[in-house]
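**Q** Sequence plus the predicted model coming up.
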Amino acid sequence: MAVRLCYILGADEAPSSRSKPDRGFQVDDKLIVRFAPSPTGFLHLGSARTALFNWLAARSRGGRFLLRIEDTDKVRSEERFLDEILEDLRWLGLDWDGEPIRQSARFDLYRAKAEELVARGRAYREGEAVLFRVEPGRTLAYDDLIHGRIAVETENIKDQVLIKSDGSPAYNFCCVVDDAEQGVTHILRGDDHISNTPKQILFYEAFGFPQPHFGHMPLILGPDGSKLSKRHGGVSVTEYKAEGFLPAALANYLILLGWTPPGEREILSLQETAEIFRIEDMSGVQAKFDVQKLKWMNGEYILKLPAAEYAARITAQLRSDGLDPDHVPAERLAQAAELYRVRIKTLREFGPLADFFFRDDFAVDEEGQAKHLGTAEGKAALALFADRLAGLDEWRHDTIEALCRELAQEKGLKPAALIHPARMAVSGKTKGAGLFEIMELLGRETVLRRMKEPLT
RNA sequence: GGCGCUAUCGUCUAGGGGUCAGGACGGAUGGUUCUCAGCCAUCAGACCGGGGUUCGAAUCCCCGUAGCGCUACCA
């Protein structure tokens, strides 16, 4: 296994063990990291993770987190993608320092820098393009923050395009020019950039720019071990947002893919994580994306939400799913949502489970319908229960429950014999929240109406 | 093909010469209960393979194998 290098902490700090991770007091305002998205698509989960780790690196050390828009590809870059990416970053809870710079506005600079290298004989023209000359016979080595020492022979590196024939700069080149100008000290990015690093080091050398530290984090894989892609399900932050995942849960899960907190706790806020995060504790191993665990974690975050925020999020989700919750009194909707809090893993799951709270044409479980209301016993029990309910004085879950149990005892039935047909009639479901709470919320009128319907 | 990264339960991982190889998700079983979920209890489940080094290897070294990445005038 590669040796982990700890010198990035600064010369005066010895590599400490993770048993004493209290570095909250340390401030290293020299540390500058960046996230450099390309607005050619939505924010991918892998990119989101990269952004998260860069943010953590900065916020854990009092450094700066910059944004750079890599929109050199004019054909594929779109403004709507950029807006979406920035919105998703904010949604995840990330903030950045200063205004993002845009590479599309800096082509003159890149061309000038390339000319500089041509003038010094380090690069040459080939048509309209400018290429950097790579001399063979050297070993280019650097100490990766995550993988340890990585070395490549220059024999294996071709001359590098600096400026393309159409006048636009090549990725590796403007990346170096910008990182140097922005003063980036630590470059944390995906493993797919490992082989770009030696090429970029060549440019740092050619310009005499101080070389930043590099750290390459493994890519996120799909459940089958191949690169995470569409066929595995959602790959963009937007999709998980729409599914009803909470930003804090998604961020927490993504961070756990490649970094483990000391101790037993896995549920950590971004702020808590920033206090104990260290770059060199990141794993160098590719991780598979496991929706199961994400869902579990999302459930945990749903449980912790303050009541008002939970209700607001559920309502917003219903609205965006076209379930039209606004004709139901907010208070009642909030109470219904509470009944399902412990039963849902994503916000989106609430709608289908609880549709009977806000519409009469709710989905009906056919199998359950046949089982509980398709028999003479079921109907008889339902009629009995409905009849008795009509005369109940106070319509509360505890009075309804008392009535139900008394009635069952009186008739020599199990309470379940009354409960199941009733649940079916009232909600169309065989599972869900407790029947008595459901009835209280629905109100006597609705409950009785729905209970009588199967009897006609 | 060349170059590079990686390898502990199904999944995320802890550990890093002597551990009953620990935790979490998921799974299974039992309990609670009107169902489901939850909660409680319990269980199953791993050091990629082969050689070394060593009294002793999951741990160090070498060789394989596998997965992934790069090998663009994409980023």
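**A** Everything's here; your move. Residues are numbered from 1 along each chain as shown, chains lettered A, B, ... in the order given.

**Q** For chain A, which segments are assigned as strands?
**A** According to DSSP state E, chain A carries its strands in the segments A:32-35, A:64-69, A:101-102, A:123-126, A:129-132, A:139-144, A:148-153, A:160-163, A:186-190, A:213-217, A:220-221, A:287-288.

**Q** other SSEs contacting the last one?
**A** When you say that, I think you mean strand A:287-288. The contact analysis (3 or more C-beta pairs under 8 Å, 6 or more residues apart in numbering; DSSP states H and E) places strand A:287-288 against strand A:220-221. Heads up, the C-betas are built off the backbone N, CA and C, glycines and all.

**Q** Does anything pack onto the strand it packs on? Which helices or strands?
**A** Here strand A:220-221 touches helix A:45-59, strand A:287-288, going by 3+ C-beta pairs under 8 Å, 6+ apart.

**Q** Point out the most buried one among the ones you listed.
**A** helix A:45-59 (a mean of 24; mean count of other C-beta atoms under 10 Å).

**Q** anything in it near RNA strand B?
**A** No. Counting by C-beta under 7 Å from any atom of the strand, RNA strand B has no neighbours in helix A:45-59; the shortest distance is 9.5 Å.

**Q** For that helix, list the C-alpha coordinates in CSV.
**A** The C-alpha trace of helix A:45-59 is given here as CSV (Å, rounded to 0.1, in the frame of the first residue of the first chain):
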residue,chain,number,x,y,z
LEU,A,45,-22.6,12.6,-8.0
GLY,A,46,-18.9,12.1,-8.4
SER,A,47,-18.3,15.8,-9.1
ALA,A,48,-20.5,16.7,-6.1
ARG,A,49,-18.3,14.5,-4.0
THR,A,50,-15.2,16.2,-5.3
ALA,A,51,-16.7,19.6,-4.5
LEU,A,52,-17.6,18.4,-1.0
PHE,A,53,-14.1,17.2,-0.2
ASN,A,54,-12.5,20.4,-1.5
TRP,A,55,-14.9,22.4,0.6
LEU,A,56,-14.1,20.3,3.6
ALA,A,57,-10.4,20.7,3.0
ALA,A,58,-10.8,24.5,3.0
ARG,A,59,-13.3,24.8,5.8
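
**Q** now the angle from it to strand A:64-69?
**A** Computed by axes from the mean of the first three to the mean of the last three C-alpha atoms, to 10 degrees, the angle separating helix A:45-59 from strand A:64-69 equals 150 degrees.

**Q** Helix A:45-59 to strand A:186-190, inter-axis angle?
**A** Counting by the same axes, to 10 degrees, helix A:45-59 lies at 160 degrees to strand A:186-190.

**Q** where's helix A:45-59 relative to the chain centroid, distance-wise?
**A** Here helix A:45-59 is found 11 Å from its chain centre; the criterion is C-alpha atoms, centre = their mean, to the nearest Å.

**Q** Also stretch A:422-430?
**A** What separates the centre of stretch A:422-430 from the centre of its chain is 35 Å, taken as C-alpha atoms, centre = their mean.
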